[in-house]
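> Build the 3D model from these lines:
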Amino acid sequence: MVLSTLLRWWRGSRAALSRLEVILYTRQGCHLCEDAWLELEQLREHFGFELRAVDIDADPALLDAHSERVPVIAVNGKERFWGRVNFVLVRRLLEAEARRSSRRGAAGK
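Here you go, the predicted structure:
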């Protein structure tokens, strides 16, 4: 019973966030960026959101905006985290997004 409940929750979280886009603004040689990418990959496996990395050194505007702040995590276009990222807070944000998304989906049925 507990296992089936956990499986339903896991599948529901994954489906709920399939349209969520997470962008990691990064740069070469940034160890915090590398750590953030590994953490986000694990969360992506669980939640199923779209994940991509953007190298700020390739765009002068991004370099100007984020040079001292990387890594920067944007969720659906909104910057949410930067610098030394607390992934407990990232997970809480994703769980909240999954619940919100599930409620919207249930309301539309």
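> can we go C-alpha only for contacts and neighbour counts from here?
Fine.
> Can you list phi and psi of the residue nearest in space to the middle of the chain for me?
Central residue of the chain (CA atoms, centre = their mean): residue 22, 4.3 Å from the mean position. Phi and psi for residue 22, reported as degrees, to the nearest 10, are phi -120, psi 130.
> Can you tell me how far it is from residue 52?
7 Å (CA to CA, to the nearest Å).
> ok, now residue 41?
From residue 41 over to residue 52 (counting by CA to CA), the distance is 10 Å.
> Would you state the strands of this protein in chain order?
21-26, 50-55, 72-75, 78-82 (DSSP state E).
> Format these as CSV; extra columns: mean pLDDT and distance to residue 37.
Formatted as CSV, those follow (pLDDT from 0 to 100; distance: least, CA to CA, whole Å):
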stretch, mean pLDDT, distance to residue 37
strand 21-26, 96, 7
strand 50-55, 97, 8
strand 72-75, 96, 10
strand 78-82, 96, 13
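> got the contact list for stretch 72-89?
20-26, 32, 36, 39, 66, 69-71, 90 (CA atoms under 8 Å, 6 or more residues apart in numbering).
> Can you say which of these are buried?
With burial judged by 16 or more other CA atoms under 10 Å, the buried subset of the contacts of stretch 72-89 is 20, 22-26, 32, 36, 66, 70-71, 90.
> Including distance to residue 103, could these go into a markdown table?
Shown next, in a markdown table, are these (distance: CA to CA, whole Å):
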| residue | distance to residue 103 |
| --- | --- |
| 20 | 15 |
| 22 | 21 |
| 23 | 24 |
| 24 | 27 |
| 25 | 30 |
| 26 | 33 |
| 32 | 34 |
| 36 | 29 |
| 66 | 34 |
| 70 | 33 |
| 71 | 31 |
| 90 | 20 |
